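Asker: Coordinates for the following, if possible.
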Amino acid sequence: MKSLLQDFLTAIWVVIKLPFLIIEVLFRRIVRTGAKKLILRLIAVLVLTLVLAFTFLKITSKPGFCGSCHIMRPYIEAWEHSTHKDVDCMMCHAREGIGGYLETKFTAASMLVNYATGLYKRSRPWAEIEDKNCLHDGCHETRLLEGKIEFTQGVVFDHAPHLTGTRRGRTLRCTSCHSQIVQGEHISVTSSTCFLCHFKNVEAEGRDKLADCESCHTPPTGENAIEGHFYDHTDAINQELQCGVCHQMMWQGSGNVPRERCGTCHSSTAHIDRISDLEFIHEWHIEKRKVDCNRCHDVIEHRIPKIEADVRSNCAGCHDDKHMTVSNLYQGKGSRLVEGEHPDPMYTMRVVCVSCHKEIVNGDAIPGATQKTCNPCHPASYLRLADDWKKGFSNRIAQLNKGFKKAGPHPLLEDARHDLGLVDKGGAWHNPIYSDNVLTKVSEVLAEAGVTTSKVTNLPDESKQCLLCHSSIQEVPVKKEYSSFNHTAHLRDRKIVCTTCHFDERPGNPRHGKRKGSQELCTDCHHNQIAQKNDSCDPCHQSSSKVFTGDLPGIASDPSPMATSDMGCVDCHEGPEFKAPGAEFCLDCHDEEIVTDLEYMRGEFVIGIEKSKSNSKAGTIVKLDKGRAVHHPDLAKKVLNIE
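Answerer: Reported below is the predicted structural model:
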């Protein structure tokens, strides 16, 4: 036993002496080598070490080496398709100076070892990028001097206030916004970070300006609005209207930090307990480290929201929604005859009910829409358009309701009745284009059911662009005193294109929709075709006809001598132009003395019209007569009390 113990101790002693023996042997060999050979060998070893180290550093700095780990492949692929594809990894990821470079390499190597040994604890790769690496010569050194730039269409951004000052008391870094939260977009702007700063608790903290739309967005105006099919915001800007007058809140989410989320990185309760210390938290996570905001915060979304819930009544949660028909029509749905959804343009622009219905009308507790609610966004001419919608659609609905009483059996008759009720109860002005399509389908069903008055006639194709806004204009009576003009005869019956009579200018142009000169408008058809065929001037010249025939309201019938002689308009107004005849023409039938007296009388009559204070209907008709007393001088003097 004693011998065994001695052998064990001897073995231990030999093991302890072995390194020293090896060193002794090496030292003797080095001494025998000589100083010259020793120095050469040391130099060779040093050079080889440097070459290997340099090669190692170069190889491990290449994207190909970084991509050797499968978890890095998505990031390398994103880099290969980015604007940084010609920039080596270390240009951005290495810290400043040789010391920073070596520290970065050591950190990367330790990550590699941890990954290879299964000790890598993070859920994904993570790196620090200094602002200096972004802003040094040859990269983005002038970025701070560029001022406002267009980030995306209609959205502007300025780097200077974000990087040179504090935002909400925090010092931001380049990577605060440029990160890779979005998979596949290398170092792209993470817009969710923008939304978190601009919208989180802005009202509670008195930072409403941060959420001001115009700080980032440029409202579409003029040609830009027309080309992009947007509403022209020029009037709204001039009146300094807030965006919220028409648009509902454009962001959703709280941006809160759930306490349990801290545990994904921290295990110490002492660290987690400091969650309410915002200065400490943001200093270490934003200023001293690059931690993506959404690693901690819930996401805040900034997008055009769905407004289905907002166009429904607040009472609908408990009671039957009495506004459902209006809501459906506004959203362009609910018809049984028209397939698909066809929302009104205002609906697609997120204009909710309360944007227009905000005025108390006639003491009603339910807010209504009035001219005041239209004027801030629309020009005065829009009020006439809205009024035309109401009149035109009301006339069409009334005619179709009568048609149902005459309709025979038809498989779609009940569907047509349902759709008529949709437009009638929903208010066609909430979606004029959709309402027009629905009523057209109803008319088709009634026509097939034997209602001849509901026969659908196609309007001119060239006018369909105008009718997108001016729906049912053919049913709107035109207020023109003592003239029977109507759009139905021109659009539907004669297929006259809108631009034949109205200027074809873009909306917003002062001449948009204005009528052209009356001579240019009417004479080609009415004088060259209609008048010659029918000798009927009444539709346009009712005032002259009534004076000529002596048929004035409130006065006994007193026709002119020419009317009692069965003379007609074309006896004096000869074609093809049917202009008023001159004195020479009158001499064919009258003595020169009568013609001279008539010319003198016309001068007196013009003066008499200017002085006349007659407001009677008969007086109005006489004043509107363009013949200036020629058609019936004695009656004109009597009505206007001209001596």
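Asker: Double-check that residue 544 belongs to a helix.
Answerer: Yes - remark: residue 544 belongs to a helix, assigned using DSSP: H, G, I helix; E, B strand; the rest coil.
Asker: That one and residue 631 touch, don't they?
Answerer: Yes - with contacts counted by Cβ atoms under 8 Å, residue 544 reaches residue 631, the gap being 5.7 Å. Every C-beta, even on glycine, is put in place using the N, C-alpha and C of the backbone.
Asker: which one of these two has more residues nearby?
Answerer: Taking neighbours as other Cβ atoms under 10 Å, residue 544 and residue 631 compare with residue 631 leading, 25 against 22.
Asker: Check the more buried one and give its pLDDT.
Answerer: According to the prediction, residue 631 has pLDDT 83.
Asker: show me what contacts it?
Answerer: 544, 547-548, 560, 562, 625 (Cβ atoms under 8 Å, 6 or more residues apart in numbering).
Asker: re earlier: common neighbours of residue 544 and residue 631, please.
Answerer: Shared contacts of residue 544 and residue 631 (Cβ under 8 Å, 6+ apart): residue 625.
Asker: mind checking how far the closest residue to residue 359 other than its chain neighbours is from residue 383?
Answerer: Excluding the flanking residues, the one nearest residue 359 by Cβ to Cβ, 6 or more residues apart in numbering is residue 370, at 4.5 Å. Residue 370 sits at a distance of 10 Å from residue 383 (criterion: Cβ to Cβ, to the nearest Å).
Asker: just residue 266 next, same as before
Answerer: Distance from residue 266 to residue 383, by Cβ to Cβ: 63 Å.
Asker: how's the protein carved up into domains?
Answerer: Domain assignment for the chain, taken from automatic domain parsing, gives 1-27, 34-123, 135-302, 537-640.
Asker: Kindly check the end-to-end length of the last one for me.
Answerer: In this case it means domain 537-640. Terminal residues of domain 537-640 are spaced 24 Å apart (Cα to Cα, to the nearest Å).
Asker: again, but for stretch 279-290
Answerer: 15 Å.
Asker: coming back round to it: minimum distance to residue 422: which of the domains of the chain has it?
Answerer: domain 135-302 (25.0 Å; Cβ to Cβ).
Asker: now the closest one, how far from the chain's geometric center?
Answerer: 21 Å (Cα atoms, centre = their mean, to the nearest Å).
Asker: could you point out which element follows the longest helix anywhere in the chain?
Answerer: Determined from DSSP state H, the single longest helix within the chain is helix 2-33. Going down the chain from helix 2-33, the next helix or strand is helix 35-60, by DSSP states H and E.
Asker: tell me the mean pLDDT for that next one?
Answerer: Helix 35-60 shows a mean pLDDT of 79.
Asker: And it, what does it pack against?
Answerer: If you count contacts as 3 or more Cβ pairs under 8 Å, 6 or more residues apart in numbering; DSSP states H and E, helix 35-60 packs onto helix 97-116.
Asker: Show me how far the helix it packs on is from its chain's centre.
Answerer: Distance of helix 97-116 from its chain centroid, counting by Cα atoms, centre = their mean, is 49 Å.
Asker: rewinding a little: turn the domains of the chain into a markdown table, including distance to residue 332.
Answerer: A markdown table is the format used below for the domains of the chain (distance: least, Cβ to Cβ, whole Å):
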| stretch | distance to residue 332 |
| --- | --- |
| domain 1-27 | 89 |
| domain 34-123 | 40 |
| domain 135-302 | 17 |
| domain 537-640 | 38 |
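Asker: For residue 512, which of those domains is the nearest?
Answerer: Nearest of the domains of the chain to residue 512, taken as Cβ to Cβ: domain 135-302 at 11.5 Å.
Asker: Just flag the most distant two among the contacts of residue 631.
Answerer: 562 and 625 (14.1 Å).
Asker: Buried ones in stretch 61-68, by neighbour count?
Answerer: Across stretch 61-68, burial judged by 16 or more other Cβ atoms under 10 Å covers 61, 63, 65-67.
Asker: So residue 562 and residue 625 - more neighbours on which side?
Answerer: Comparing residue 562 with residue 625 by other Cβ under 10 Å, the one with more neighbours is residue 625, at 23 against 17.
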